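Visitor: coordinates only, sequence not included:
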């Protein structure tokens, strides 16, 4: 047992922190100004591409991706780096490490045909286009991938897709060129073999992005928003299928583990940013004749924030280590555990940081309220906490049930 | 001791519920559509005036205002009515009972000269114009009115105002014609006699509304937003002063009590709306093969929501009764208690209702996220909870200190 | 709506406070000393009887009992008095208002035959004997009275009782002369008609009190403890039945409402005692160079304690008012609500008072830890909170289910 | 970074688990019976010595002690073993690894003279005698060792001790032969050089153990209780001083770190025991027609318990690793963090386990209530949580203060 980062991690971390300090944080106000001035309300400001070019020059590109397509880091090596990127909304974009592209790239790297990889993975790896993952549907509980109702039907050499999806992150970005769509090819098949995934280029007739969903008051229009997307007799060639018919559920499971841990890693960085801002404010602001930093209640917030984030980070790191050593399936319980623990912990820390900032905390003058909305929504995204608690408890209880002769 | 509403209250309540059912709830989608279609991003949609006309016809107008200018209800009679209006964001506007106009009207009715009342109170009572109350400043702790730094200086027959205010609710509404500004006329006077309040018409040169502050992404642009307002050598006649020089703090204290209780009353209604939506969702939505309504965790949320809102409502009602029987000053502790208790309780209930709705809960497809942002910001508005807890504790401790010989 | 106590209540309250100040609090150390010196580890110290005599002289006896047998107070009048008695463990005993005798006396007054009342109610009303209510069983969920498995079988002119009960409060007091036993006379009858209640004198052969159960280390041996009681072919005459065969469930329901509200009333007094002790300690104790009373964290505890207890008290009082005006059945939801709200609220307040006292708080040198154990166990007694939340939620959901066509 | 236990740890752990299964758990009812039957209400039942003999035979003795006197394990190796011992109150006693003897042995090994080690350390290492550490005083805030008021005055070749201590764990055990007493030799010296520590044999005239303090209702009379101890002109030879005059504070600081982490390690084991008992109960108990294990609310408890305990354990392990790699001083923040995090986490888990057990949970029929009282008191022992939060926050804030030019 050893709690020190390895030399590779430390080296990357040092370079990444320098990049953040020298380029990303200074670019935050530029990004904000470009957002205000853009014509297309969903386009991505040019500073993102400039940051990306600098990140590539520095060898800080596609760090998330294991194997030969990316930096080849383990989850345990990537975790502390993802944490650093999570300190700024610009961080993941600058490094080509933002969801949902990360998960889509992993998916294509792992399950795509050579043609699919050439057409879609390559430009994604180079950051030339963006992508979306269309799974969640308004009409059914999205926490269980088997519930999707969108139909993918074979018709000659094509598949025809019909359905309605929502909260499709990135969909409104005009540069989002490709949708990976989850639907049912065989509604009467075995429960986990009914689903397939298929590639649908944005311009395919019948695909329409209807509107952006808001998260609290934010449209998240700086990274493509969250779209409601309708598929109305959308026809694509059969070779657009990813894997075989019926592989959709298994593929989506493979995508989930890394996706969840990336979110959690970044949230740890978000929490650190919040603590930093809370401490700065506490030192700078006076009430009742003394600095907030000298007031017991604020001290309790800071102490509890520190104690909680340390615990959460360790659980994320251990989960990453398990994924590396026993595989995503072997780390299933821990992946659920961080999904339960981290968003609510970070939400709590952000709430306190907001409270310490007074009215400024809820406004656009600090990043806190926006970060809060993101942490809060992660208590729902990819299944509400309650679903994960239920599942984790059932696994905890299983040996006791078995011992008492219950099935 | 008697927990039944009196006949006046019951009669108004019945008529108000009917008005909400027949006019306000059906107007919600109309309002939303008019908001989307308006040219001026801060103007108020015409349906509000139509609702107001109907409310006047039904005798449901200015219910908040005691005395001869308004409906003449006691706080205890008004509380259950305010609760009903709090069920819809449109409710208070439709009845001319929305903050900050309510507090401003009370203030003018109580402290205004006849000329001031004629010029500003009358059109406000008729709903022809809107108003703002400019107290909070970005640079100082707004929880203590004595901290304001804006200057109001006498110059011949005029006062000249310089300062920066923010989170001035309603300021961006083009129909907001008058600002009541709190500032210092005598910075070297006794601590609670330095401040004065003065009327500043919107078009006065030197007054500029710079931008709208957001609250968790919401600009609250459906009721005039929250403005940052700069006063740069703003000159108004001396007769615009409200009361005398040095009365500003006392006037603001008189304004606070009713303002706080109105917010709390409406929040109780918000909580009831949230419970109702949570129950509807719980009955309608299925997960793991049974309705949410049959799942223990959701049942706990509903039960706790009910138990908490019942307690909070009773405390608000008792506070109203105290204000009526022993005056706002005598009810000071209870007013602080509801300021501490109600927003956080309602925030909790809204959070659970959101969670029960899944992704829809954070989006624009339910009113929950928006209502949440409002409840959350009330943990800060008018002084953060921590300030009120400190003050309430000191009052609780006072007799023990005295008994032990501490001053 | 009126939040003032009526003159009868105010008069009783004044006299009761005087009695507490002059007799009960001064008797606390006497009681403690007599407990240490007694020979029988379960006997009640003589000072209790002395306090009782004084209480009777002052007309402060059997205040709990409505109707002609007792003081004839309404629930709403009794509630503030019960609160005062709850400030000291000695209070309820001194006034003959302690559980489980109160519930048993109500039961006998309401359902007992004249002979039963003469033999058992009279000496109970005079405080000459004590009683127990034997319902809870170790083997089944005690929250549902229909689950009891103890058998009461007719045999000629007698009933024969077999079963095991536990947590039978008061059972170890040698002066506890009578047990009211709940059991099944007709296990195959309709679910709510299987049960009956029967009087079993302590000395009946076959009844054995096996041991005292502890509550967080406390045997509660100052008021008869909590006994495990075995009934082994216990034979009593048929006329010992209370009401008719099959009435047991209905009788126990009638007993529950007042029992629960009495506990909650007293707990409010317990909370007030805790706040008082916390304030005294905060003023007297110094850490880091200033009194705890000047430290923000302790101030938050005190403020939150005050805010929470005010809300809880109001809900108890409203529940009492409902019981008086619409009956125990009509107040069912509110009785559940206080059962959910009050013990956990008071437990929280006691926890903070303990923390403010440091090590003394967990020890016998303050009453706090003992009071805590009592509040904590009331989250379980008479059904765990979870059962009440489930039931309350189902009632809240019922109209929505009906509206959506669900049964 | 590596989350796997090393082979030494795994080997010890396997042998320790076997010892617990084969000897310790089976001895629990024997221990309870011997406690009930002993004559001296404070003596330790003989089964403890028998377990100790077996532990020594198996090489599971003094595992806590680094260096040549003990097993020579690192903190990181010992942590998972201490966790296992924490599953049973008997565990630490059986292995000679119980507080306060562990801390006292470390102290003597590190700071004792050869004579002191021979006289007191040797019999302690062999488990022939027990010891106490007398620091806490009723009159002052015990969280700060500089506050002690007990006097240690030089008088010729002796020191004379006067003072009152309380919550001196183990003091009532008749086999507790030696007290390490903290007091002031130089009340006017520099703040951290006023204190000294001195050895006082139990039989020294003037030392009297007055009474046992209870923790909630528990006297903890199975391991010597918590004594109030008075030192009245207690005279011991000068060579009983540990270290030099003025070294007392530094020595106590050296003792604190390992003491705190041992408590936390064992609490993790306590939490695991609680989860196990909760799961067993959940599977075995039925309410409303289905097992508790199938009810959502209980599932939430189990899931949250698992998620919390995993995080807490990792923080304890990392702290142990830091103590090993950068020393106790370098691990100061983390030691405070676990002191804040672990007792409250384990208290929460125990509370839920109790609730799942119903009335049995608060009684002597499960170990839960007793374990709860221990976890709860650790939120106070060795300084209340609030003191540690304050200190941790100040350290977190220090760089921000420095950056803003505040001292």
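Guide: Here it is on my side, so go on. As the structure is a prediction and not an experimental result, all values here were calculated from the model.

Visitor: Assign the nearest residue to residue A:38 once chain neighbours are set aside to helix, strand or coil.
Guide: In space, and not counting its chain neighbours, residue A:38 is closest to residue A:45: 6.4 Å by CB to CB, 6 or more residues apart in numbering or on different chains. For every residue, glycine as well, the C-beta is placed using N, CA and C. Secondary structure, DSSP: H, G, I helix; E, B strand; the rest coil: residue A:45 is coil.

Visitor: In space, what's closest to residue A:238 - neighbours in sequence excluded?
Guide: Residue A:238 sits nearest to residue A:157 (CB to CB, 6+ apart), 5.3 Å away.

Visitor: Can you get me a residue count around that neighbour?
Guide: Residues near residue A:157, counting by other CB atoms under 10 Å in any protein chain shown, number 9.

Visitor: Residue A:119 now?
Guide: Residue A:119: 17 neighbours (other CB under 10 Å).

Visitor: Over to residue A:346?
Guide: Count around residue A:346 with other CB under 10 Å applied: 31.

Visitor: what helix or strand does it sit in?
Guide: In the assignment (DSSP states H and E), residue A:346 maps to helix A:332-357.

Visitor: Which other helices and strands does the next helix-or-strand element following that helix contact?
Guide: Downstream of helix A:332-357, the next assigned helix or strand under DSSP H and E is helix A:359-362. In this structure, helix A:359-362 packs against helix A:332-357, helix A:368-377, helix B:368-377, with contacts taken as 3 or more CB pairs under 8 Å, 6 or more residues apart in numbering or on different chains; DSSP states H and E.

Visitor: So which of these is nearest chain C?
Guide: helix A:332-357 (12.6 Å; CB to the nearest CB).

Visitor: Can you check what angle separates that closest one from helix B:332-357?
Guide: For helix A:332-357 against helix B:332-357, the angle by axes from the mean of the first three to the mean of the last three CA atoms, to 10 degrees is 150 degrees.

Visitor: Specify the angle between helix A:332-357 and helix B:368-377 in degrees.
Guide: 50 degrees.

Visitor: Can helix A:332-357 be said to contact chain C?
Guide: No - remark: helix A:332-357 sits outside contact range of chain C, by CB under 8 Å from any CB of the partner chain, the gap being at least 12.6 Å.

Visitor: Domains in chain A, by residue range?
Guide: Per automatic domain parsing, the structural domains of chain A span A:7-103+A:121-125, A:130-248, A:250-403.

Visitor: which of those domains is buried the deepest?
Guide: Ranked by mean neighbour count under mean count of other CB atoms under 10 Å in any protein chain shown, the domains of chain A are led by domain A:250-403, which reaches a mean of 22.

Visitor: centre of the chain versus that one, how much separation?
Guide: From the chain centre to the centre of domain A:250-403 is a distance of 13 Å (CA atoms, centre = their mean, to the nearest Å).

Visitor: One more: stretch A:226-242?
Guide: Taking mean C-alpha positions (CA atoms, centre = their mean), stretch A:226-242 and its chain are 22 Å apart.

Visitor: Stretch A:69-80 now?
Guide: On CA atoms, centre = their mean, the centre of stretch A:69-80 falls 16 Å from the chain's centre.

Visitor: what residues does that stretch touch?
Guide: Residues outside stretch A:69-80 that contact it (CB atoms under 8 Å, 6 or more residues apart in numbering or on different chains): A:5-6, A:8-9, A:12-13, A:61-66, A:81, A:105, A:109, A:121, A:125, A:258, A:261, A:265, A:316-317, A:320-321, A:323-324, D:1.

Visitor: about what we covered before: could you see whether chain D lies near the helix holding residue A:346?
Guide: Yes - using CB under 8 Å from any CB, helix A:332-357 reaches chain D at A:333-334, A:337, A:340-341.

Visitor: which other helices and strands contact that helix?
Guide: helix A:248-284, helix A:296-330, helix A:359-362, helix A:368-377, helix A:385-403, helix D:296-330.

Visitor: Output those helices as a markdown table; include the columns mean pLDDT.
Guide: A markdown table is the format used below for the helices and strands packed on helix A:332-357 (pLDDT from 0 to 100):
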| stretch | mean pLDDT |
| --- | --- |
| helix A:248-284 | 94 |
| helix A:296-330 | 97 |
| helix A:359-362 | 96 |
| helix A:368-377 | 97 |
| helix A:385-403 | 96 |
| helix D:296-330 | 97 |
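
Visitor: Residue A:128: which element?
Guide: Going by DSSP H and E, residue A:128 is not part of any helix or strand.

Visitor: Just want the phi and psi numbers for it.
Guide: Note on residue A:128: its backbone torsions stand at phi -80, psi -30 [degrees, to the nearest 10].

Visitor: quick one: it from residue D:41, how far?
Guide: From residue A:128 over to residue D:41 the distance is 81 Å, taken as CB to CB, to the nearest Å.

Visitor: who are the neighbours in contact with the spatially closest residue to residue A:296 that is not a sequence neighbour?
Guide: Ranked by CB to CB, 6+ apart and with sequence neighbours excluded, the top spatial neighbour of residue A:296 is residue C:296, at 3.4 Å. Residues in contact with residue C:296 (CB under 8 Å, 6+ apart) are A:295-298, B:386, B:390.

Visitor: picking that back up, and residue B:166, which of the helices and strands packed on helix A:332-357 is closest to it?
Guide: helix A:359-362 (7.1 Å; CB to CB).

Visitor: neighbouring contacts of the closest one?
Guide: A:353-355, A:366, A:368-369, B:136, B:138, B:142, B:166-167, B:213-216, B:373, B:376-377, B:380-381.

Visitor: in chain A, which ranges drop under the pLDDT threshold?
Guide: Applying pLDDT under 70 to chain A picks out residues A:143, A:407.

Visitor: Now residue A:122: which helix or strand?
Guide: helix A:122-125.

Visitor: what lines up beside the very next helix or strand once past that helix in the sheet?
Guide: Counting by DSSP H and E, the element after helix A:122-125 in chain order, helix or strand, is strand A:130-134. Partners of strand A:130-134 in the sheet, by DSSP bridges, are strand A:176-184 (parallel).

Visitor: Tell me which other helices or strands the helix or strand that comes right after the strand it pairs with touches.
Guide: The element immediately downstream of strand A:176-184 (helix or strand, assigned by DSSP H and E) is strand A:195-201. On a contact count with 3+ CB pairs under 8 Å, 6+ apart, strand A:195-201 meets strand A:158-169, strand A:176-184, strand A:226-237, strand A:241-242, helix A:248-284.

Visitor: what sits up against the next helix or strand after strand A:195-201?
Guide: Towards the C-terminus, the helix or strand next in line after strand A:195-201, according to DSSP H and E, is strand A:207-212. With CB under 8 Å, 6+ apart as the test, strand A:207-212 has contacts from A:42, A:168, A:171-172, A:179, A:200, A:219-221, A:225-232, A:234.
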